[in-house]
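Trainee: please work out how this folds:
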Amino acid sequence: MDFSGQYLTYEDFKRLGDTTIDLMSFNLLEFESRRKIDVRTQNRLKNVSSEEIPQEVKLCEYKLINSINEYVKSVDEINNIGNKASENTDGYSVSYLTADKISEVMLSKNKQLDDIIDTYLMGVVVNGEHIMYLGVCWW
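Mentor: Below is the predicted model of the structure:
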């Protein structure tokens, strides 16, 4: 697979302090985080050379990758325990995560990712244009 156009390279990722994610996992997580950035910036970074990618974008992607990876691990744990929310062996009762609870967790994670993007990318200018600018409606 081709993972060209990365905003943050694996070498930069490791230099920022993470050594727990292997290269293929990084490539998949980087692609997902880059897509989230591209959606929010309306693809304003797609044709920017890697040397011109602002530090804020690289740091944003670092945070997104770690946050998404954390979420993937927690989902894997939920799948391994069969969606059990709690278990009591005293009187033996088991409660499970409901679809509503899972949906709530997913919404919370999406909000967290949006907050990361807002925090790091609001006010960043590339090629004379604010990358988060969404335009103004005049009626």
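
Trainee: for the helix with the most length in the chain, name the packing helices and strands.
Mentor: Counting residues, the longest helix in the chain under DSSP state H turns out to be helix 55-80. When contacts are defined as 3 or more C-beta pairs under 8 Å, 6 or more residues apart in numbering; DSSP states H and E, helix 55-80 sits against helix 10-15, helix 23-40, helix 99-121. Heads up, the C-betas are built off the backbone N, CA and C, glycines and all.

Trainee: mind listing what's buried in it?
Mentor: Using 16 or more other C-beta atoms under 10 Å as the test for burial, helix 55-80 gives 56-69, 71.

Trainee: what of stretch 29-44?
Mentor: For stretch 29-44, by 16+ other C-beta under 10 Å, it's L29, E30, E32, S33, R34, K36, I37, R40, T41, R44.

Trainee: nearest residue to the second one other than its sequence neighbours?
Mentor: The spatially closest residue to E30, leaving aside those adjacent along the chain, is Q6, at 5.5 Å (C-beta to C-beta, 6 or more residues apart in numbering).

Trainee: how many residues are close by Y10?
Mentor: The tally of other residues near Y10 (other C-beta atoms under 10 Å) stands at 17.

Trainee: nope, E52 is what I was after
Mentor: E52 has 11 nearby residues by other C-beta under 10 Å.

Trainee: now it: closest residue in space that isn't a chain neighbour?
Mentor: Nearest non-adjacent residue to E52, counting by C-beta to C-beta, 6+ apart: V126, 7.1 Å away.
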